[in-house]
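1. okay, sequence plus prediction incoming.
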Amino acid sequence: MPPHGTPVLRSAYQPLAYTVSTVDLDFSLDPQATLVTSRLQCVRNEDAPAGPIVLFGDALELVSLTIDGAAPAAGQVRETESGLEIDVSADEVMLEIVTRINPSANLTLSGLYQSRGGYYTQCEAEGFRRITYFPDRPDVMARFTVRLEADAATCPVLLSNGNLLETGELPGGRHFARWEDPFLKPSYLFALVAADLKALERRVDTMSGREVLLQVWVEARDLDRTGHAMDSLVHSMRWDEEVFGLELDLDRFMIVAVSDFNMGAMENKGLNIFNTKYVLANPETGTDLDFENVESVVAHEYFHNWTGNRVTCRDWFQLTLKEGLTVFRDQQFTADMLARASDSPAAAESARAVTRIANVRGLRSGQFPEDAGPMAHPIRPDSYQEINNFYTATVYQKGAEVIRMLLTLLGREGFRNGMDLYFSYHDGQAVTCDDFVGCMAEANGADLDQFMRWYSQAGTPHLKAEGVYDAASRSYTLTLSQHTPPTAGQPEKLPLHIPVAVGLIGPDGADLPLQLEGEVRPSDTTRVLNLKEASRSWCFTGIDAEPVPSILRGFSAPVILDITEDNARLAFRMAHDADPFNRWDASQRFMERVVLAMASDAAAGRPMEVPQAFGHAFRALLVSETLDPAFVAETLALPSETYLLERMQPADPAPLRAGLIHLTRELGQAMQADFLARYLDLEVEGDYRYHPLDAGKRALRNLCLRYLAAWGGPTAIDLAGKQFEHAGNMTERYGALVALVQSDASRRIDALAAFHERYKDDALVLDKWFQLQAGAWRWSDSAPASLDQVRGLMANPAFSLSNPNKVYSLLGTYFKANAAEFHRPDGAGYAFWAEQVVALDKSNPQVASRMARALEGWRKFTPEIQARIRLALEKVAAAQDLSPDVTEIIGKALA
Ligand code: TRP
Ligand code: ZN
């Protein structure tokens, strides 16, 4: 590893002088002293300048090393900062390396570690070098065979990538298994599992008629929560066959659930390892959202088999090559699954919009702040200090938006042709983003040179739209301009190629057919305009009255749309925009305007008021009988506080929170009868099933309950209490608990206690309980401060700093999703943050770094708040022995 603070540069890429053709691994698993024997066939790389064999190693004890069976000569093997260098003259040599590692002491959850008595690996991005010395880079693709042995009683199941060759008993109560992966793969896709697990199994045929075995491995007590993951896997297989013609290439595909995991899941070849949170779900313990998340993460990891594994990344700067593309694929899959479950074409369109809305909500609250802060980077970064810090919303979510723009520009068929070409050229290779976009361009005869700037420019572009109607010529001229603010290291930005989907709404609310100047007849009611210049105008003709523009339909580009719209116009689009995404966006814009106005009133000590026009528009959606409930729930849900803070200049959490509380209460009170009526008529009859139509009703019903409970009338609290007690599934029980906790009803205290009592042995359900309390708003002055709550909850026996899910639920929620409480004026929230970041960094730098990032956007706040945060940042910066992960975040924040 390079010394702290030394950046790795994308421009410095060099192929290695020696790669590896075959790897033969032998693991003798033991909690404190696992022996790893690795036989590497190293091969001179013709395309690289001459040099030694370069092996990376991290936290390893080297037991022995031989070269073609012999001890190395003096000076032939050198230790470096990052591992070993070996001078050889032959074009091919066999290295045999034995290392000793201590999985029980490995709390980083990278490399080989233990969780609840079992052994698990996590090798992406650079975990394999914590297992053995290896050229641990994605451009080294080799054939792996693995033998693993362990204690048979505690670890009856022994898994690795590919096909099982052999199993057998050994003396001393041990046993072994041998596995072989027929495909070339980089080391980051290696995995092994040795644990006491049981599998749900299913056999299915692939599109070419091959039978494959699917397994979902979990602890025995969780077997009754695996059905949904299995169904999701089968649906993902079918979807990739139907939409992309891509088939599962192995005879066996395994998913393993583990309780201690830094991220969501990992796409190791044939042996996906998942955080339990994204595998386990049944009606009693998982909400509709959990079911949805399981489905999309299962799909995401499965889709990586082609976009990531069969074609992988040349180096980690290309991460979005696999992640942006695979997120895009899982988003499309989710939208198709929702649409398929709809009962009409209109419902299908609305269902797709609901997926799109969820994606954009995520982008705006997670990626926009990143792009506006000191960690801003292009989807393909130019440098990093610690690669683990670059598994970001930008690489994943904005990366997916960039792929989606290619679909918009090339059309479904053109996009598919580009994908086909990509696989035909690059199957089995480690490639770059240029290779991918090159295939898209070649397959379509398209010029994507300017489009490539999306890969190199950081920051969220602002798109300005201004329209002028000319009654005399019956024309409407729309001018679009773009501007990307400077980001760290990129003071100057060039114009991007932005596809802008546009519609014009007539005075009666119906879309107008669009005819651009020079066209002989109108066609379509939504057109994609390609903005490539800093500014350009388009003239629409044959327009009889001034239209209302609907810009950036479907969120056709990841930009911030600046457009001047008065309240009446926003209300009009909330009622009529034919593009469901933009209809939702109109309501979000209106809410944002109302809440930010309230926040500034609160800051100035003026009374806060809900504008009438907003109330009417909101109510019209609430009582609509024709709109799909899932869609209505999205339109009536407030924008996230994180996003609003980004829009507030300067950001000031306390008055914003006052505005949010006031608005929620006022709406709940003013529309109590409507909320109540909808609540009553949305009841879902019969046994719980995870189905989008039912989930939509439950979502809107729970939202109604939230507004009602926020208002706080006795009927409302009673309803919430009843739903909590009599709920037949977790979506309803948790929904009622959220409503009670996010209110000043005293019932919330008993409800939290009852929930804890009922689920105290269930780690995933307890995560919800921790999360809810850490994120709770203070609806009355008598409510306890969140900081005291969070500190108290850390003492709960179920809490552990070494379990990432617990840290994310309790600390992550407090630091990142409870701004008004975390940014309390006495600075105690920041002192607590500094203390926890430093403590976590000693055991798990990846998790510590995620927590550290909670304050990177500190410069958006008021000067008083900034001054307090700076002290906390400086305190962490001054701590001893910080990891490179946290060092990079704090360094960039203070720069
Ligand atoms: N490749 C994984 C995914 O997105 C991400 C991942 C899982 C990961 N575990 C990790 C990245 C640990 C870094 C470190 O599907
Ligand atoms: Zn991924």
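-> Nice, I can see it. Ligands and ions are numbered 1, 2, ... in the order given.

2. going by C-alpha atoms from here, please, whenever you check contacts or count neighbours.
-> Will do.

3. the closest residue to ligand 1 within the stretch 151-300 of the chain - how many residues pack around it?
-> Using C-alpha to the nearest ligand atom, the closest approach of the stretch 151-300 of the chain to ligand 1 is made by Met266 at 4.3 Å. Met266: 26 surrounding residues under other C-alpha atoms under 10 Å.

4. enumerate the residues of this structure near ligand 1.
-> Glu124, Ala125, Asn262, Met263, Ala265, Met266, Glu267, Glu301, Asn388 (C-alpha under 6 Å from any ligand atom).

5. residue in the stretch 751-895 of the chain nearest to ligand 1?
-> Gln846 (7.6 Å).

6. mind checking which of the residues of the chain next to ligand 1 are buried?
-> Glu124, Ala125, Asn262, Ala265, Met266, Glu267, Glu301, Asn388 (16 or more other C-alpha atoms under 10 Å).

7. which of those fall within strands?
-> In strands, judged by DSSP state E, the following of these are found: Ala265, Met266.

8. report the two of the buried ones among the residues of the chain next to ligand 1 separated the most.
-> Spatial extent of these (C-alpha to C-alpha) is set by the pair Glu301 and Asn388 at 18.2 Å.

9. how about the helix ranked longest in the chain: buried residues?
-> Ranked by number of residues, the top helix in the chain under DSSP state H is helix 399-426. Buried residues in helix 399-426, counted by 16+ other C-alpha under 10 Å: 399-410, 414-423, 426.

10. over to stretch 155-167?
-> Cys155, Pro156, Val157, Leu158, Leu159, Ser160, Asn161, Gly162, Asn163, Leu164.

11. now stretch 540-555: average pLDDT?
-> Stretch 540-555 carries an average pLDDT of 98.

12. distance from the chain centre to it, please.
-> 34 Å (C-alpha atoms, centre = their mean, to the nearest Å).

13. ok, stretch 392-401 next?
-> 8 Å.

14. same check on stretch 607-624?
-> Counting by C-alpha atoms, centre = their mean, stretch 607-624 comes out at 33 Å from the chain centroid.

15. so which bits of that stretch are buried?
-> Those buried within stretch 607-624 under the rule 16+ other C-alpha under 10 Å are Met608, Val610, Phe614, Ala617, Phe618, Arg619, Leu621, Leu622.

16. among those residues, which lie within helices?
-> Per DSSP H, the buried residues of stretch 607-624 map to helices at Phe614, Ala617, Phe618, Arg619, Leu621, Leu622.

17. re earlier: can I assume the residue of the stretch 751-895 of the chain closest to ligand 1 sits in a helix?
-> Yes. Residue state for Gln846 (DSSP: H, G, I helix; E, B strand; the rest coil) corresponds to a helix.

18. quick check: pLDDT value at it.
-> 98.

19. do the same with the one 5 residues further on
-> Reading off the per-residue confidence, Met851 sits at a pLDDT of 99.

20. pLDDT below threshold where in this structure?
-> By pLDDT under 70, the weakly predicted segments of the chain are 1-5.

21. the stretch 451-600 of the chain: helices as residue ranges?
-> Secondary structure of the stretch 451-600 of the chain, counting by DSSP state H, counting those that start in this stretch: helices at 453-456, 567-576, 580-604.

22. now the angle from the longest one to helix 567-576?
-> Angle of helix 580-604 versus helix 567-576, following axes from the mean of the first three to the mean of the last three C-alpha atoms, to 10 degrees, is 140 degrees.

23. stretch 176-194: which residues count as buried?
-> 176-181, 183-194.

24. stretch 107-120 now?
-> Buried residues in stretch 107-120 (16+ other C-alpha under 10 Å): Leu107, Thr108, Leu109, Ser110, Gly111, Leu112, Tyr113, Gln114, Ser115, Gly118, Tyr119, Tyr120.

25. contacts for stretch 491-503, please.
-> Stretch 491-503 has contacts (C-alpha atoms under 8 Å, 6 or more residues apart in numbering) with 405, 408-409, 450-451, 453-454, 457, 482-486, 511-512, 514, 525-534, 549-557.

26. quick one: terminal-to-terminal distance for it?
-> Start to finish, the residues bounding stretch 491-503 are 34 Å apart (C-alpha to C-alpha, to the nearest Å).

27. quick check: most distant residue from the centroid of the chain.
-> Ala472 (50.5 Å; C-alpha atoms, centre = their mean).

28. quick one: contacts for it?
-> Ala472 touches nothing, counting by C-alpha under 8 Å, 6+ apart.

29. let's have the chain start at 217 instead
-> I'll keep to 217 as the first residue from here, and by that count the last item is Ala688.

30. hmm, back to that, packing partners for the longest helix of the chain?
-> helix 535-556, helix 649-660, strand 714-721 (3 or more C-alpha pairs under 8 Å, 6 or more residues apart in numbering; DSSP states H and E).

31. same for the second one, what does it pack against?
-> Contacts defined by 3+ C-alpha pairs under 8 Å, 6+ apart place helix 649-660 against helix 535-556, helix 615-642.

32. need these in a markdown table (columns: distance to Ala366).
-> Listed next are the helices and strands packed on helix 649-660 as a markdown table, based on distance: least, C-alpha to C-alpha, whole Å:
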| stretch | distance to Ala366 |
| --- | --- |
| helix 535-556 | 34 |
| helix 615-642 | 38 |
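
33. between the ones you listed, which one is nearest to Ala911?
-> helix 535-556 (10.7 Å).

34. so what's His516 closest to, chain neighbours aside?
-> Distances taken as C-alpha to C-alpha, 6 or more residues apart in numbering place Asp546 nearest to His516, at 5.2 Å, with adjacent residues excluded.

35. hmm, back to that, of all the buried residues of stretch 371-383, which comes closest to Glu277?
-> Ser376 (23.1 Å).

36. for that closest one, give me its contacts.
-> Val362, Trp395, Phe406, Ala407, Leu408, Val409, Leu487.

37. which two among those are spaced furthest apart?
-> Val362 and Leu487 (13.2 Å).

38. Tyr329 reaches Cys339, doesn't it?
-> No. Tyr329 is beyond contact range of Cys339, at 10.8 Å (criterion: C-alpha atoms under 8 Å).

39. number of nearby residues for Ile933?
-> Applying other C-alpha under 10 Å, we find 26 residues neighbouring Ile933.

40. before we move on, what SS does it have?
-> helix.
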